[in-house]
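**Q** I'll drop the sequence and a predicted model, then ask my questions.
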Amino acid sequence: MDAKQMGEFITMRLRQTGKTQRDLADTIGVPLSTVNSWLRLGRDIPARHIPAIAACLRVSVNGLLGLAEGDEATKCQWAPGVIIRPDGRYMLDACQYVLAEKYRNVTVEVLRCQVCGHTSVAWSRQADTEDITDEE
C-alpha cells in the first residue's frame, strides 16, 4: 500500500469510527497539519506512528498496512477497495460456501474483537450433539 492509499484508508476508517483528523492528531500526539499532510497530500507516515494510528482506528497494524493476516492470506477476497454491504452494515464475504457439515444440539459462541469490532462465530459439541449432515 502506498502513502496515498494509506491516506485514503485512514480517511475511510475515520469516517467509519466517527472520528476526525483532529481526534487522530490528538491521540497520536502530532499537529493537525501533519495528519492533514499525510491524508490530503499523500505524504509518507513515519513508521513510529503506525501502531498508534492503528490503535486509534481500531484496526491491526497489518490491516492498516494492507497486509493479510492468518487465514486472510489465502481467503477469497474482493478486488482491492471493493466493499459490499448488502444490509448497509456488515460486509459481504467473497467466499462461495457449500454445506460441509451440519449438527444439532451444539453450543454457539459469538466473539467480537474489543479493538477492531471483527465478529467471529465458534461452536462446540455438547453431550447430545448429533451429526445431521446426511439428513437433507
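**A** Here it is on my side, so go on. Worth saying up front: this structure is predicted, and the values here are computed from it rather than measured. Residues are numbered from 1 along each chain as shown.
**Q** where does the protein have its least confident helix or strand?
**A** helix 61-65 (a mean of 81; mean pLDDT, DSSP states H and E).
**Q** dump it to CSV, keeping only the CA atoms.
**A** Output in CSV follows, covering the C-alpha atoms of helix 61-65 (Å, rounded to 0.1, in the frame of the first residue of the first chain):
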residue,chain,number,x,y,z
VAL,A,61,-1.1,-2.8,12.1
ASN,A,62,-1.3,-5.4,9.3
GLY,A,63,-4.7,-4.2,8.4
LEU,A,64,-3.5,-0.6,8.3
LEU,A,65,-0.6,-1.6,6.1
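**Q** quick one, longest helix in this structure?
**A** helix 3-17 (DSSP state H).
**Q** would you map the helices across this structure?
**A** 3-17, 21-28, 32-40, 50-57, 61-65.
**Q** between the ones you listed, which gets nearest to R85?
**A** helix 3-17 (10.9 Å; Cβ to Cβ). The way it works is simple: take the backbone N, C-alpha and C, and place the C-beta from them, glycine included.
**Q** export the closest one as PDB, just CAs?
**A** Output in PDB follows, covering the C-alpha atoms of helix 3-17 (Å, rounded to 0.1, in the frame of the first residue of the first chain):
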ATOM      1  CA  ALA A   3       1.200   6.600   1.000                       C
ATOM      2  CA  LYS A   4      -1.900   7.800  -1.000                       C
ATOM      3  CA  GLN A   5      -3.700   4.500  -0.500                       C
ATOM      4  CA  MET A   6      -2.900   4.500   3.200                       C
ATOM      5  CA  GLY A   7      -4.200   8.100   3.500                       C
ATOM      6  CA  GLU A   8      -7.500   7.000   1.800                       C
ATOM      7  CA  PHE A   9      -7.800   4.000   4.100                       C
ATOM      8  CA  ILE A  10      -7.200   6.200   7.200                       C
ATOM      9  CA  THR A  11      -9.800   8.700   5.900                       C
ATOM     10  CA  MET A  12     -12.300   5.900   5.400                       C
ATOM     11  CA  ARG A  13     -11.700   4.400   8.900                       C
ATOM     12  CA  LEU A  14     -12.000   7.900  10.500                       C
ATOM     13  CA  ARG A  15     -15.400   8.200   8.900                       C
ATOM     14  CA  GLN A  16     -16.400   4.600   9.900                       C
ATOM     15  CA  THR A  17     -15.400   5.200  13.500                       C
END
